[in-house]
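everything below, folded, please.
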Amino acid sequence: MSRGFTLLELVVTCALIGLFASVAIPRTGGALDRLRVTQAAEAVAGAVHLGRTAAIARASYLRVIVDEPSASMRVEGDRDTVLVRSVGADHRVTLRATRDTITYAPSGLGYGLANTTIIVASGARAETVTVSRLGRVRTSW
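Residues are numbered from 1 along each chain as shown. Presented below is the predicted three-dimensional model:
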């Protein structure tokens, strides 16, 4: 009596594992895109919120700058840079914005034009970060 597996049993087992993996891997890719986009949208919303909070705390005008080609965000005042965040490099996403700069007044209100929309995308997944003129940030997909 022999203990072990035949070559045929091993080949069939490997074929079944390959079949299951070919079904599961594309679904995992979609889940990774969803996770990347969600985390990146939170990072974008955090940078916008920091810009508003810093404008109030410093009692000065601050700008949140969206750099689409490098998919990064900067928060800067008149003399210094408060934050630089490479969202694209950190999360492998792209950024598109209706305006490249959001300026906050010392009161925390947006200064200048009205709402800004920033779209964070990876693969087929995208989330929208909307900033109102009042400085409120909302994330949706």
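
so who does the most centrally placed residue in the chain touch?
Note on the chain: the residue nearest the mean C-alpha position is Ala40, at 1.8 Å, using Cα atoms, centre = their mean. Going by Cβ atoms under 8 Å, 6 or more residues apart in numbering, Ala40 touches 87, 90-91, 93, 120, 122, 127. Every residue, glycine included, has its C-beta placed from N, CA and C.

again, only this time at 10 Å
71, 85, 87-88, 90-95, 120-122, 127, 129 (Cβ atoms under 10 Å, 6 or more residues apart in numbering).

that one: what secondary structure?
What DSSP: H, G, I helix; E, B strand; the rest coil gives for Ala40 is helix.

state the distance from it to Val93.
Going from Ala40 to Val93 by Cβ to Cβ, to the nearest Å gives 4 Å.

shared neighbours of these two, anything?
Counting by Cβ under 10 Å, 6+ apart, the common neighbours of Ala40 and Val93 are 71, 87, 120-122, 127.

now, the most widely separated pair of those residues?
Within those, two members stand farthest from each other by Cβ to Cβ: Ala71 and Glu127, at 13.8 Å.

what's in contact with the worst-scoring helix or strand of the chain on mean pLDDT?
Least confident helix or strand of the chain, by mean pLDDT, DSSP states H and E, is strand 110-111 with a mean of 84. Strand 110-111 has contacts (Cβ under 10 Å, 6+ apart) with 52, 55, 61-64, 102-105, 116, 131-136.

strands along this structure, start to end?
Counting by DSSP state E, the chain has strands at residues 62-67, 72-76, 81-85, 94-97, 101-104, 110-111, 116-122, 125-131, 137-140.
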